[in-house]
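Enquirer: Quick check, what structure comes out for this input:
(one chain, ligands or ions: 2)
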Amino acid sequence: MNQRLTTQDTVARLAVRVPAASRVFMRHGIDYCCGGQRRLADVCAERGLVADDLLDEITLEHPLAEGARWDERPLGELVAHIVTAHHRPLDEELPRLLAMARKVEAVHGDKDPVRLHELAVLCERLFADLAEHMKKEEAVLFPWIVAGNGRSAGGPIRVMHLEHDEVARDLRRLHELTDDFTPPAGACVTWRALWLGLEALDADLRQHMHLENNVLFPRALAAR
Ligand SMILES: [Fe+2]
Ligand SMILES: [Fe+2]
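Expert: Residues are numbered from 1 along each chain as shown. Ligands and ions are numbered 1, 2, ... in the order given. From the prediction side, this is the model:
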């Protein structure tokens, strides 16, 4: 199995074939969801990393993997997993994080006024966009795919890709505004909880978009 992985594989392909690879990519700040169509060798060369070392890291991570090979499961199961594991939890989590972002801005705004305000505004818009995006997937696209009509869903899938790209841009800004989720010295409990929650959201959204961009959508478009 391991011999078949090479540094010429794309980051997305590695994340599909070895689900635990996503943890390695997260660790090194490598985008595997929306920018994953690049070869591991190229991504590593650009970032000054040794591609073979990263491949070893992925291989070592592999035995601990609990992730399913979603490229081998029925599409209906994959869609159910995306909805259950990635959509539903956000129904509660997004309002919780938004309330915290507003509270931190209200209580501690004087400590970092520009960034805390931008963060609260960004959370409000991003979370509204996400809710709308997931509603479209659940109401229209996913049922269409599960019914076996994925081949004719090229248009809607392109729109979902573009919306994922926007989410990825917002996540990059979130990293900047939170110093990569490092709370400032003396940050209160809510502030720390917000940074932790946003970090978890970042990881979750990357895995979520990876499953859609790199597994569900290509398989749906190729379905007979
Ligand atoms: Fe989704
Ligand atoms: Fe999506």
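
Enquirer: what about Val16, which helix or strand?
Expert: Here Val16 is covered by helix 11-17, with elements defined by DSSP states H and E.

Enquirer: what's the distance between the residue of the chain most remote from its centre and Cys188?
Expert: Note on the chain: the largest C-alpha distance from the chain mean falls to Asp110, namely 31.6 Å (C-alpha atoms, centre = their mean). Using C-beta to C-beta, to the nearest Å, Asp110 is found at 13 Å from Cys188. Any C-beta I mention is one placed from the backbone N, CA and C, and that applies to glycine too.

Enquirer: Glu138 now?
Expert: Applying C-beta to C-beta, the value for Glu138 to Cys188 is 36 Å.

Enquirer: likewise Gly155?
Expert: Here Gly155 is placed at a distance of 47 Å from Cys188 (C-beta to C-beta).

Enquirer: Same check on Leu94?
Expert: 22 Å.

Enquirer: What of Asp129?
Expert: The span separating Asp129 from Cys188 equals 28 Å under the rule C-beta to C-beta.

Enquirer: show me the contacts for Leu98.
Expert: For Leu98, the contacting residues are 120, 123-124, 127, taking C-beta atoms under 8 Å, 6 or more residues apart in numbering as the criterion.

Enquirer: sorry, back to before: out of Leu94 and Cys188, which sits in the more crowded spot?
Expert: Residue environment comparison for Leu94 versus Cys188 gives the larger neighbour count to Leu94, 20 against 13, counting by other C-beta atoms under 10 Å.

Enquirer: Give the full set of residues in contact with that one.
Expert: Taking C-beta under 8 Å, 6+ apart as the contact definition, Leu94 lies against 127, 130-131.

Enquirer: Doesn't it lie inside a helix?
Expert: Yes: using DSSP: H, G, I helix; E, B strand; the rest coil, the assignment for Leu94 is a helix.
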